[in-house]
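Undergrad: sequence? don't have it. structure:
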């Protein structure tokens, strides 16, 4: 934090809430450096005699009379080439080099690191905001681009030659504005773009239940509500591993420390299917665990989306995973209670809906200031207490997202992974995605999805009926519908995250599996219509068809067709 000549004194310390004497130039949300160790805090209330400061760290050792120094700027993200592959706290301070604990008052950034810079424009060129001035070539598997700041533009007055520079060195001057390898941006302020893009490109997650039934567009927003033990973290990890994004920003907001350590270990050890290197090299992890201060947890989500927008502005497609927004909302509630804000539903602040809307609205596919295409897709986990999806965070979130992947406790306890409920989930982007696939050469994608949704709904209705009257009491065709639902669930929607063949699934393989199951189901219905007893069909071993998803690689489409033909031959013996 940069010190200024203005200083004041601490008058009272009440846990993480610190009162300081009033001083000239006080402003809401400005940062303060508290005490001799410069513990960071944010001004959250201003009175005539005092200002209330919420500390981002433990305030032990602070006391009345200690100095407090204003910075006259809000909390800002320290954006430099060291982001990719890094693990940071909610204020974007590096954890990998911090030892067991961060030192009190530690500042963002990794002092001493140097980077290879190569200019791509020339001195004297006229540039606009967002124009690429140069690239850092050794910041990971992706090209890290140094951009003209959003509030700058004009003639390039000075430009550094290709070489190695420190993260705080200036590499260019544009109309009097210095541009370095490091940039700062207020985390609660969305980064500007030229316009919102109308492109409709689906985000492939590698998870069949999602890609097939509840797809999301690049630049979309998703909520993942589910109670304890339903597999939210596992689904989000799979999404981070296998989705076709350029950059992954994973925000562990209020997660348990052991879970966060597992996530860091898995992401940093996972082979990247896109580059052949390590997935962690193009991932930014913000680990703000449950034992960290509440105010840092509240800031971590904003920090994460600012980092995502930073890479979006370089022309990359970014997926931001927030696990979980419920604990972020709990931090908002705790913060509101400390500042005396009038509580609303279940004690949450009255502006909870506005805060959630402002967060999810930062998702989007855009044309950047530099004319590139980029996107930020936000996927937020919601952890409703006791699985109550009528609680405020879940209900408000549903209003502002394009998709909901609702996790079902019964499916999870039945070891059905991922436990995405096909009856409680939705996608507002399904029609747009269908049009996108049609334009790409698959005009049947939308019809195929509708057929599966219809079969699953009818199977669920009949399954509830069989619990009362038994399967044998149903007409033959309805018994085939129950069989169809079982085959769809086990052969397509279920997915083994621990299998090399099944952890990820391409859309081509998903289509092959769907066509195989639908063809077999259609043949079964034809046979019962021709008079074949349903018991004979139900007694067949459909195991090879069910296991087709694990019998071939993630991109293999041939095995499903072979098993389909083998199953049709066995059915032909019944006619």
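TA: Arrived safely, thanks for sending. Nothing here was measured: the structure is a model prediction, and the numbers come from that model. Residues are numbered from 1 along each chain as shown.

Undergrad: what about residue 43, which SS state?
TA: strand (DSSP: H, G, I helix; E, B strand; the rest coil).

Undergrad: Thought residue 52 was touching it, still the case?
TA: Yes - with contact defined as C-beta atoms under 8 Å, residue 43 reaches residue 52; the gap is 7.2 Å. Where C-beta positions appear, they are placed from N, C-alpha and C, glycine not excepted.

Undergrad: Helix or strand with the lowest mean pLDDT in this structure?
TA: One helix or strand of the chain scores below all others by mean pLDDT, DSSP states H and E: helix 257-269, with a mean of 84.

Undergrad: Going by neighbour count, which residues in that one are buried?
TA: Neighbour counts using 16 or more other C-beta atoms under 10 Å place 260, 263, 264, 267, 268 of helix 257-269 among the buried residues.

Undergrad: The first one: what's it in contact with?
TA: To tie it back to what came earlier, the one meant is residue 260. The neighbourhood of residue 260, defined by C-beta atoms under 8 Å, 6 or more residues apart in numbering, consists of 252, 287, 289.

Undergrad: quick one: which of the residues you listed is most hemmed in?
TA: residue 252 (30 neighbours; other C-beta atoms under 10 Å).

Undergrad: ok, now which ones touch that one?
TA: 259, 260, 263, 285, 286, 287, 288, 289, 323.

Undergrad: What is the most widely separated pair among these?
TA: 259 and 286 (14.3 Å; C-beta to C-beta).

Undergrad: between the contacts of residue 260, which is nearest residue 514?
TA: Where these are concerned, and distances follow C-beta to C-beta, residue 514 has its nearest neighbour in residue 252, at 34.5 Å.

Undergrad: Strands of the stretch 51-200 of the chain, residue ranges please.
TA: Chain-ordered strands for the stretch 51-200 of the chain, with DSSP state E, counting those that start in this stretch as the definition, fall at 67-74, 76-79, 87-88, 114-119, 126-127, 132-136, 144-147, 154-159, 163-166, 170-174, 177-180, 183-186, 195-196.

Undergrad: how about these, which one is nearest residue 315?
TA: Checking these against residue 315 by C-beta to C-beta gives strand 144-147 as the closest, at 7.4 Å.

Undergrad: Report the rounded mean pLDDT for the closest one.
TA: Per-residue pLDDT over strand 144-147 has a mean of 97.

Undergrad: Give me the helices and strands touching it, please.
TA: Taking 3 or more C-beta pairs under 8 Å, 6 or more residues apart in numbering; DSSP states H and E as contact, the helices and strands that strand 144-147 lies on are strand 132-136.

Undergrad: The strand it packs on - contacts with which helices or strands?
TA: With contacts defined as 3+ C-beta pairs under 8 Å, 6+ apart, the packing partners of strand 132-136 are strand 114-119, strand 144-147, strand 154-159, strand 170-174.

Undergrad: Most tightly packed of the ones you listed?
TA: The highest mean neighbour count among the helices and strands packed on strand 132-136, using mean count of other C-beta atoms under 10 Å, belongs to strand 144-147: a mean of 23.

Undergrad: Correct me if wrong: residue 480 contacts residue 528.
TA: Yes - look at residue 480 against residue 528 with C-beta under 8 Å: they come within range, at 5.7 Å.

Undergrad: Now find how far off-centre the helix ranked longest in the chain is within its chain.
TA: When secondary structure is assigned using DSSP state H, the longest helix within the chain turns out to be helix 445-469. In terms of C-alpha atoms, centre = their mean, to the nearest Å, the centre of helix 445-469 is set 31 Å apart from its chain centre.
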